[in-house]
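Undergrad: Fold the following for me, if possible:
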Amino acid sequence: MKRSLLPLNALRAFEATMRHGQMKRAAEELGVTYGAVSRQVRSLEDSLGVVLFEGPRNRLTPTQAAREMQPALQEAFDRMEAAVSHVMHRDRRTLDVSCLSTLAMRWLIPNLFDFQERHPEIKVRMTADDGPVDFARQSLDVAVRVGTGPWDPASSTDLFADETGPVLSPKLMGDNRAADWTALSGLPLLHTKTRPSAWADWCQASRLPLPAGGQEYEHFYFMLEAATAGLGIGIAPEILVRADIRAGRLIAPFGFRPSGQTYVALAPARPEPAATLFIRWLRDTARAKP
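TA: Alright, predicted model coming up:
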């Protein structure tokens, strides 16, 4: 088929359907109705003279022809998107960054002045989020998350390993600073919905009994404020309490233990130059000595 005759809208609807696995999500990405995507795909089938999907509308199965065509089409649309984005944003000065809320407040923002001093021409616009990242649907350049992956199709850069441990206000320890779990486990346990299994995981790894009960907070930030106020003993990633421990607001009597998760910086497969600079700065800042 000649380039001038290519049904680009239909090809775009087909490519989005293959990538998402369903027409409903393809329609959401393209900003059209389900019926419009369905009509475009049927139109493409008529133009090509082949069947692309089989089965009921709620359980479409790509045919062999569809599977053969999809990789080349996705690569072509990716290249077009990258080319247009490069022209639109070659003078771009705003970087959209999504970060875990408490990590943003307790680590990223306090260090951000360094990036701004190095790159005053780049404005960092931050949002707080801990949900899944989809660069095809979200207007993001960089996302900082924690987990075990895999992070495909996004590219990922490891920042630092997640290490957790109990923390509490020094005034709850009194004069005895020894790490005595029998005594400390009698304090109210502070939990967070952000990581509900943190206490259970730490106790299991430390081979210590898990006390029952406690108080649950919506986010790490609230839980750590409660721990600082002496309302109980919390458990948190070391990166979130590093400044509090250095300042003496909190102590970690048992130290910190690797959780098996890793903080990562995620970006699209072909990031903008500003995003590459920011991720490199994140990596260097994370690896710098505390």
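Undergrad: Report the secondary structure state of L190.
TA: Taken by DSSP: H, G, I helix; E, B strand; the rest coil, the conformation at L190 corresponds to strand.
Undergrad: Dump the C-alpha coordinates for stretch 117-137 into PDB.
TA: Presented in PDB, the C-alpha positions along stretch 117-137 are these (Å, rounded to 0.1, in the frame of the first residue of the first chain):
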ATOM      1  CA  GLU A 117      21.900  25.300  41.100                       C
ATOM      2  CA  ARG A 118      23.500  23.000  38.500                       C
ATOM      3  CA  HIS A 119      20.600  23.500  36.000                       C
ATOM      4  CA  PRO A 120      18.800  26.700  36.700                       C
ATOM      5  CA  GLU A 121      17.300  26.600  33.200                       C
ATOM      6  CA  ILE A 122      15.200  23.500  34.100                       C
ATOM      7  CA  LYS A 123      12.100  23.900  36.200                       C
ATOM      8  CA  VAL A 124      11.100  20.800  38.100                       C
ATOM      9  CA  ARG A 125       7.400  20.400  38.500                       C
ATOM     10  CA  MET A 126       6.600  17.700  41.100                       C
ATOM     11  CA  THR A 127       3.600  15.600  41.900                       C
ATOM     12  CA  ALA A 128       3.200  13.100  44.800                       C
ATOM     13  CA  ASP A 129       2.100   9.600  43.800                       C
ATOM     14  CA  ASP A 130       2.900   6.000  44.600                       C
ATOM     15  CA  GLY A 131       0.700   4.300  41.900                       C
ATOM     16  CA  PRO A 132       1.700   2.400  38.800                       C
ATOM     17  CA  VAL A 133       3.500   4.400  36.100                       C
ATOM     18  CA  ASP A 134       2.300   4.500  32.400                       C
ATOM     19  CA  PHE A 135       4.300   6.900  30.400                       C
ATOM     20  CA  ALA A 136       2.100   6.300  27.400                       C
ATOM     21  CA  ARG A 137      -0.900   7.700  29.300                       C
END
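Undergrad: Mind listing residues that contact it?
TA: For stretch 117-137, contacts defined as Cβ atoms under 8 Å, 6 or more residues apart in numbering pick out 19, 28-29, 93-101, 104, 108-109, 112, 115-116, 140, 143, 145, 151, 154, 194, 266-268, 274, 277-278, 281. Any C-beta I mention is one placed from the backbone N, CA and C, and that applies to glycine too.
Undergrad: so of those residues, which ones are in helices?
TA: Cross-referencing the contacts of stretch 117-137 with the helices (criterion: DSSP state H) gives R19, E28, E29, S101, I109, L112, F115, Q116, A274, L277, F278, W281 as the overlap.
Undergrad: count of neighbours near the third one?
TA: Same thing as E29. Counted with other Cβ atoms under 10 Å, residues neighbouring E29 total 17.
Undergrad: how near is it to D96?
TA: The spacing between E29 and D96, counted by Cβ to Cβ, to the nearest Å, is 18 Å.
Undergrad: same deal with the fifth one?
TA: To D96, I109 is 15 Å away according to Cβ to Cβ.
Undergrad: Comparing those two, which shows the higher neighbour count?
TA: The residue with more neighbours, out of I109 and D96, is D96; 17 against 13, by other Cβ under 10 Å.
Undergrad: That one: what's it in contact with?
TA: When contacts are counted by Cβ under 8 Å, 6+ apart, D96 touches R125, T127, S139, L140, D141, V142.
Undergrad: Please type out the ChimeraX selection for whichever of those turn out to be buried.
TA: To isolate the buried subset of the contacts of D96 in ChimeraX, counting by 16 or more other Cβ atoms under 10 Å, use the following:
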select :140,141,142
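Undergrad: just so I have it, where are all the strands in the stretch 101-250 of the chain?
TA: For the stretch 101-250 of the chain, the strands defined by DSSP state E, counting those that start in this stretch cover 123-128, 142-147, 155-167, 189-192, 215-217, 233-237.
Undergrad: contacting residues around the last one?
TA: It refers to strand 233-237. By Cβ under 8 Å, 6+ apart, the residues outside strand 233-237 that reach it are 146, 162-168, 172, 184, 187-190, 192, 198-199, 202, 220, 223-224, 226-227, 256, 259.
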